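**Student:** Build me a model:
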Amino acid sequence: MPPGHFKLWELGFEHGDPSLANLMVDPGTGNGVLNDWDLSRRRVTNEPTRSGAERTGTIPFMALDLLTEEALEVPRLYRHDLEGFIWVIVWVFLQYEGCKRVQDTLEEWCSGNLKNCRAAKLEFLSNPASYHAVPSWSKEWEMTMGLLDWLETERSARVAVKIAE
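**Tutor:** I've put the predicted structure just below:
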């Protein structure tokens, strides 16, 4: 999914809401499909768009940068959508066997409150090794741990730059 998504982003199409509900699998090809483009944006310049007074996304899958009050002025970047895909992977691997949700491990992400979701995700990132994927995803969880390490490294670097400014 992300390679095709990245190509669309390069062409100026910003989805803005990678979430479990917006991901499908084409039964004929087995390829992933990102649907629900009704709140997407068409960028007409190479500059990232600002979200302005509008925030789009499904809270449990939104990038940490977008779960703040300041997010209303944060330019939407590709990494925000990419981070959304990572949160979807975490969500599925920790809670789903096949198409059935068998655990409520990340229920605190669903509060509907941006600050609470952000706090729960930061808590999760502080020790993701304490979580264990459901059995059918245990092999893929190792790869996910690498993605989470990258995510935390990138986040920490941005925080350090912000503090230095």
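**Student:** could you list every residue that touches the residue nearest the centre of the chain?
**Tutor:** By CA atoms, centre = their mean, the chain has its centre lying nearest to residue 84, at 1.2 Å. Shown in contact with residue 84 (CB atoms under 8 Å, 6 or more residues apart in numbering): 17, 18, 19, 57, 61, 62, 63. All C-beta atoms are positioned from the backbone trio N, CA, C, and that covers glycine.
**Student:** State the distance from it to residue 39.
**Tutor:** From residue 84 across to residue 39, the span is 13 Å (CB to CB, to the nearest Å).
**Student:** and the longest helix for the protein?
**Tutor:** The longest helix of the chain (DSSP state H) is helix 138-164.
**Student:** Show me what that helix packs onto, helices and strands only.
**Tutor:** helix 78-95, helix 114-126 (3 or more CB pairs under 8 Å, 6 or more residues apart in numbering; DSSP states H and E).
**Student:** low-confidence ranges in the protein?
**Tutor:** Scanning the chain for pLDDT under 70 picks out 1-2, 46-55.
**Student:** how much space between the closest residue to residue 151 other than its chain neighbours and residue 72?
**Tutor:** Closest residue to residue 151 in three dimensions, ignoring its sequence neighbours and counting by CB to CB, 6 or more residues apart in numbering: residue 86, at 5.9 Å. Noted for residue 86: a distance of 23 Å to residue 72, by CB to CB.
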